[in-house]
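Chemist: Test case, fold it:
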Amino acid sequence: MLSSRDNMESEKSDISENCDPNSVPSAEKTAQPTEELDCENAKKPNKAEIKTIDECMETELGKVNEERVDFKVVFNKSKYDITFGWDKTIKELKLHLEDIIGVVQNAQKIMIKGMAKDEMTLRTAGIISGCKVMVVGSKMNDILAVTSVKQQFAADEKSLGSTSTKEPLCEQKIHRKVLDKGVPPDAMPGILGTKEPLPPVPLSGMLNKHGGKVRLTFKLELDQVWVGTKERTEKLALTSIKGITSEPIKGHEQYHIMALQLGPTDASRYWIYWVPAQYLDAIKEAILDKWQLF
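Modeler: Have a look, this model is predicted:
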């Protein structure tokens, strides 16, 4: 009689003899083709995808490494703490400020030792940590109100122009009585054929229609220009000035006669004499340029 151990060994032997070694693939033989198939079918990134990934990484690294500057923006007597990229442009800063101060980008003027140009970076414009930056501009409702007034003024001017004289201003009797006194001894030097930004000090040494001394102080952070005489200082809102008339003084073309239009008629003009020619465009830009887009 066979022992149970002998029976088990006999069964194992029978199974080994009856089993076809080629009928059941081993795990080792089965896994290999699967691994090879996965490698062949795996999606390889194309050059465009690799480039996109690289650009994204560069963009993210740029954001991390971007040099930023902290400063204050002053608008309508309110102050705002701003942190912005030092190498971003003034135009980008204006867009950033739209929602903060409620003034559209094209109606903003950034003042840093004069008006900063859109293409300048904050660095080249002179913005440094802790400095104050003045923003001049008006909100859309104010712009629309002034535009309506200016259109009415233009219509009134057209009507007046049909009856007004073509005689040069400097030859009209009303102006001759001031001009015949000659250039004031304390007049600021006039320069012909050049344009300069507004100086950091008031424009002085000019005369009004009574022959009295007059000076102009531009308070752009308040949207005002102060017209000062010996007797008093008149603080005019820039939006109250509907237009500017000017003309070179014959024989002294480096100076101009200039009038601030405060109403619809000739009687509403505030005349100023011996305005240096190089500042005329800057004066017009400071007062009127914000409305030209509209």
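
Chemist: now the strands for this structure?
Modeler: Here the chain has its strands, by DSSP state E, at 68-75, 78-85, 109-111, 132-136, 203-208, 213-219, 224-228, 233-237, 243-249, 252-261, 269-276.

Chemist: So what's the predicted local confidence for the closest residue in space to residue 177 that isn't next to it in sequence?
Modeler: When the adjacent residues along the chain are set aside, residue 177 lies closest to residue 211, with 7.6 Å between them (CB to CB, 6 or more residues apart in numbering). The way it works is simple: take the backbone N, C-alpha and C, and place the C-beta from them, glycine included. At residue 211, the model reports a pLDDT of 92.

Chemist: which residues of the stretch 151-294 of the chain score low on pLDDT?
Modeler: By pLDDT under 70, the weakly predicted segments of the stretch 151-294 of the chain are 151-165, 289-294.

Chemist: Now do the contacts for the residue lying closest to residue 191 once chain neighbours are set aside.
Modeler: Closest residue to residue 191 apart from its sequence neighbours, by CB to CB, 6+ apart: residue 278 at 4.3 Å. With contact set as CB atoms under 8 Å, 6 or more residues apart in numbering, residue 278 has these partners: 190, 191, 192, 194, 195, 196.

Chemist: Go ahead and confirm residue 184 touches residue 274.
Modeler: Yes. Using CB atoms under 8 Å, residue 184 makes contact with residue 274 at a distance of 5.9 Å.

Chemist: Neighbour count: the two, which is higher?
Modeler: Using other CB atoms under 10 Å, the more surrounded residue of residue 184 and residue 274 is residue 274, with 24 against 16.

Chemist: Chain neighbours aside, what residue packs nearest to residue 245?
Modeler: Using CB to CB, 6+ apart, the closest residue to residue 245 is residue 259 (4.3 Å).

Chemist: quick one: contacts for that neighbour?
Modeler: So residue 259 contacts 244, 245, 246, 269, 270, 271, 272 (CB under 8 Å, 6+ apart).

Chemist: Can you lay out the residues you listed as CSV showing neighbour count?
Modeler: Below are the contacts of residue 259 laid out as CSV (neighbours: other CB atoms under 10 Å):
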residue, neighbour count
244, 15
245, 15
246, 16
269, 17
270, 17
271, 18
272, 23
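
Chemist: Need the max-distance pair from these.
Modeler: Maximum pairwise distance among the contacts of residue 259 (CB to CB): 12.6 Å, between 246 and 270.

Chemist: isn't residue 137 right up against residue 100?
Modeler: No. Between residue 137 and residue 100 there is no contact under CB under 8 Å: 11.9 Å.

Chemist: which of the two has more neighbours?
Modeler: residue 137 (23 against 13).

Chemist: any idea how far that one is from residue 177?
Modeler: Distance from residue 137 to residue 177, counting by CB to CB, to the nearest Å: 40 Å.

Chemist: do the same with residue 85
Modeler: 57 Å.

Chemist: Looking at the two, which has the bigger crowd around it?
Modeler: residue 85 (18 against 12).

Chemist: Nice, that's everything, thank you.
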